[in-house]
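> Got a sequence here, can you model it:
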Amino acid sequence: MRMILSNLSKEPIYEQIKRQIKEQIMSGDLTEGELLPSIRSLAKELQVSVITTKRAYDDLEKEGFVATMPGKGSYVLGQNMELLKEHRMREIEEEFTKTLHKAYQIGLSEEQVIEIIHILSNTR
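Next up is the predicted model:
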């Protein structure tokens, strides 16, 4: 499992781990039933505390991305595609909210924001 952590990020390390595992599940890089590294081995590999990796795994379990079986490890759960889409839409809404706030702070109108979206969507 590939993962890049930054000590300079404002995002806590356990959140960085959780986010990157989620992204790998949603992209299909980690598939249903796949065994995740043990909490201890991931902590050792990333050179972080076991408590940090445990917190990330616990959060992933609460959110329905993994299941932990005592003595056997943590496995990727099958994902409901509609649920994943809804999760992604919430993330997009959060990003749009931040972006709109910045745009309105500098005085852009709704029409200007829409124009930017049209320009950017035509360049992909």
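> Quick one, grab the pLDDT at E34.
On pLDDT, E34 comes in at 95.
> show me what contacts it?
By CB atoms under 8 Å, 6 or more residues apart in numbering, the contact set of E34 is Y75, V76. (Glycine included, C-beta is placed from N, CA and C.)
> Any chance of the backbone angles for it?
phi -70, psi 140 (degrees, to the nearest 10).
> Next, the buried residues of stretch 99-118.
Neighbour counts over stretch 99-118 (16 or more other CB atoms under 10 Å) mark A103 as buried.
> May I have that stretch as CSV, with CA atoms only?
C-alpha atoms of stretch 99-118 as CSV (Å, rounded to 0.1, in the frame of the first residue of the first chain):
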residue,chain,number,x,y,z
THR,A,99,-13.9,28.1,-3.3
LEU,A,100,-17.1,30.1,-3.5
HIS,A,101,-16.2,31.8,-0.2
LYS,A,102,-12.8,32.8,-1.6
ALA,A,103,-14.4,34.0,-4.8
TYR,A,104,-17.0,36.2,-3.0
GLN,A,105,-14.2,37.5,-0.7
ILE,A,106,-12.5,39.0,-3.7
GLY,A,107,-15.7,40.3,-5.1
LEU,A,108,-16.4,37.9,-7.9
SER,A,109,-20.1,37.7,-9.0
GLU,A,110,-22.0,34.5,-9.4
GLU,A,111,-21.9,35.0,-13.2
GLN,A,112,-18.1,35.3,-13.0
VAL,A,113,-17.8,32.1,-11.0
ILE,A,114,-20.1,30.2,-13.4
GLU,A,115,-18.0,31.5,-16.3
ILE,A,116,-14.8,30.2,-14.6
ILE,A,117,-16.5,26.8,-14.2
HIS,A,118,-17.5,26.7,-17.9
